[in-house]
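> Build the 3D model from these lines:
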Amino acid sequence: MDQIKIARALLSVSDKTGIVELATALAAQGVELVSTGGTATALRDAGLSVRDISDLTGFPEMMDGRVKTLHPKVHGGLLAVRGNAEHEASMAEHAIGPIDLVVVNLYPFAQTVARGADRETIIENIDIGGPSMVRSAAKNHESVAILTDPADYPLVHGATTTLEQRRKFAAKAYAATAAYDSMISSWFAFADQGEAFPETLNLSLKRGQALRYGENPHQSAAFYAATGPAAQGIGQARQVQGKELSYNNYNDADAALELISEFRDGPPTAVIVKHANPCGVASGETLAEAYAAAFACDTVSAFGGIIAVNRPLDRATAEQITSIFTEVVVAPGADEDALALFAAKKNLRLLLTDGLPNPARPGLMAKSITGGWLVQSRDNGIVGPAELKVVTKRQPTERELADCLFAWTVAKHVKSNAIVYAKDGSTAGVGAGQMNRLESARIAAWKAKDAADKAGWAEPRTLGSAVASDAFFPFADGLLAAVEAGATAVIQPGGSIRDEEVIAAADAAGLAMVFTGMRHFRH
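Just a heads-up that it's a prediction; the model follows:
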């Protein structure tokens, strides 16, 4: 059958949004309303006539509500194939009446976990009867409509459904139960059992926005948000203005946010990203000073870039940002003056995150490969002064040590092979994504010289800088390129079979060098 008139509806929801309006509309069309527990109470309070589920089944709700809808008179009414003589004979023999519409949303499991409830409370918020009804109704969608999303309620206010509608409702219903079970299995695996990599990894994602295209116009794309608890990130940011975000905007903005979050407890800092690589990072006394220093590092790459800051945007910073073409700005907030300046740039996307994620948070990262996925823990490693090992004869000065740690933090977010020069809390040159470390060191030095030429400085900022390498120097040549650029201090993981050769070269050049014992490859 295509169009079906709803004669009986079963309503059992945790989220009561829109349920009274739906029930009122159905009752006005002569639909019999059957309901459970709190839903029945809410409908009666609204003046509606409701039949209790216990009256339908002949059994009371029992075991603290654990058992109420798990009954043949419910599932028989849902699963019976209309027009099937055998099914209809069974219904008649056992006094099972058909149910034409089921309205269910499930116990708030994810919300219960998110608020830090104890284990017993979490277990009690695993819905059993709800998913069972959803699956039964969805399986028999030829005759039964299943609603799991309050946004769909108005579609059945007229008490009729079409086959096309019922198919769409069924697809959405199975997606809802799959996501629900995924959240439960993830909680058991990660939180309850403490597994790092469970035997079966379920990812539950909800489409947030269809994108115009992917990395290139011939690729299609969409943004999906995690359905369970998630970090405060780009997916949760509020877009204040500008065009829709593209696939590349999302990717670059996420890279910028991940890097700026490293400085969430530090001084005012600005990050400029291009193609997921930082091209300028700086800290300063004010946000405007920090942005100016970051911009000076690479004024060419900054054009059309992605900017992230660790303080609410003010007018002085907004004036600088809006002076050139910028794709996206990410910030924890913005004052009225800054918002007014950005409003004049209609195409600029402004994302406000109302905070920054914790860079040390746990989590998994997944990458698709042919025939499967690679899954790893987040690179949340953080190195402080206490973890550093001085391996040269000369100790780093206090300023050199600060520049080393600054450069190291930035290098963590640069594609390998990564070399970063930094001086006085600002990047001087960034070398990214080369096939050997020597070329990255040379490119970063060349970019620093180019920045000095454009700014009219007497010398590049690599003179007297610290240089960070995301992995060990396999040969002394990369280190010697840094010496040639004017670096006086080096931070690197160490661990090469030629460490002694590299240390000897550093000593010969009068460098101070520290090992972190940790590398930061980023592919």
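> Return the helix or strand in this structure with minimum mean pLDDT.
When the helices and strands of the chain are scored by mean pLDDT, DSSP states H and E, helix 53-57 comes last with a mean of 73.
> quick one: low-confidence parts of the protein?
For the chain, applying pLDDT under 70 flags the ranges 1, 55, 57-70, 228-231.
> can you point me to the longest helix in it?
Looking across the chain with DSSP state H, the single longest helix is helix 163-186.
> ok, then the element right after that helix?
Once the chain leaves helix 163-186, the next helix or strand it forms, by DSSP states H and E, is strand 205-211.
> Just the buried residues of that next one, please?
By neighbour count with 16 or more other Cβ atoms under 10 Å, strand 205-211 contains the buried residues Leu211. For glycine as for every other residue, the C-beta is placed from the backbone atoms N, C-alpha and C.
> partners of that strand in the sheet?
Applying DSSP bridges, strand 205-211 is found paired with strand 221-226 (antiparallel).
> what separates the following helix or strand past the strand it pairs with from the chain centre, distance-wise?
Going down the chain from strand 221-226, the next helix or strand is strand 238-241, by DSSP H and E. Its chain's C-alpha centre and that of strand 238-241 lie 17 Å apart, by Cα atoms, centre = their mean, to the nearest Å.
> for strand 238-241, packing partners?
When contacts are defined as 3 or more Cβ pairs under 8 Å, 6 or more residues apart in numbering; DSSP states H and E, strand 238-241 packs onto helix 336-343, strand 349-352.
> Would you mind finding the most buried of the ones you listed?
Scoring these by mean neighbour count under mean count of other Cβ atoms under 10 Å gives strand 349-352 as the most buried, with a mean of 22.
> hang on, isn't Cys279 packed against Phe295?
No. With contact defined as Cβ atoms under 8 Å, Cys279 does not count as touching Phe295 (9.4 Å).
> Now do the shared contacts for these two.
Common neighbours of Cys279 and Phe295 are listed as Ile272, Ala302 (criterion: Cβ atoms under 8 Å, 6 or more residues apart in numbering).
> related to what we said a few turns ago, rebuild the helices and strands packed on strand 238-241 as JSON lines, extending it with distance to Val104.
Listed next are the helices and strands packed on strand 238-241 as JSON lines, based on distance: least, Cβ to Cβ, whole Å:
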{"stretch": "helix 336-343", "distance to Val104": "42"}
{"stretch": "strand 349-352", "distance to Val104": "35"}
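> picking that back up, check which element follows the least confident helix or strand of the chain along the chain.
helix 72-79.
> what comes up buried for that next one?
Lys73, Val74, His75, Gly76, Gly77, Leu78, Leu79.
> okay if I get those as a markdown table plus distance to Ala458?
As requested, the buried residues of helix 72-79 are exported to a markdown table (distance: Cβ to Cβ, whole Å):
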| residue | distance to Ala458 |
| --- | --- |
| Lys73 | 88 |
| Val74 | 83 |
| His75 | 82 |
| Gly76 | 87 |
| Gly77 | 85 |
| Leu78 | 81 |
| Leu79 | 83 |
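> which of those lies closest to Leu147?
If you rank those by distance to Leu147 using Cβ to Cβ, Leu78 comes first, at 13.3 Å.
> Could you report the distance from the residue lying closest to Leu341 once chain neighbours are set aside to Gln376?
Leaving aside its chain neighbours, Leu341 sits nearest to Ala318 (4.2 Å; criterion: Cβ to Cβ, 6 or more residues apart in numbering). Here the distance between Ala318 and Gln376 works out to 38 Å (Cβ to Cβ, to the nearest Å).
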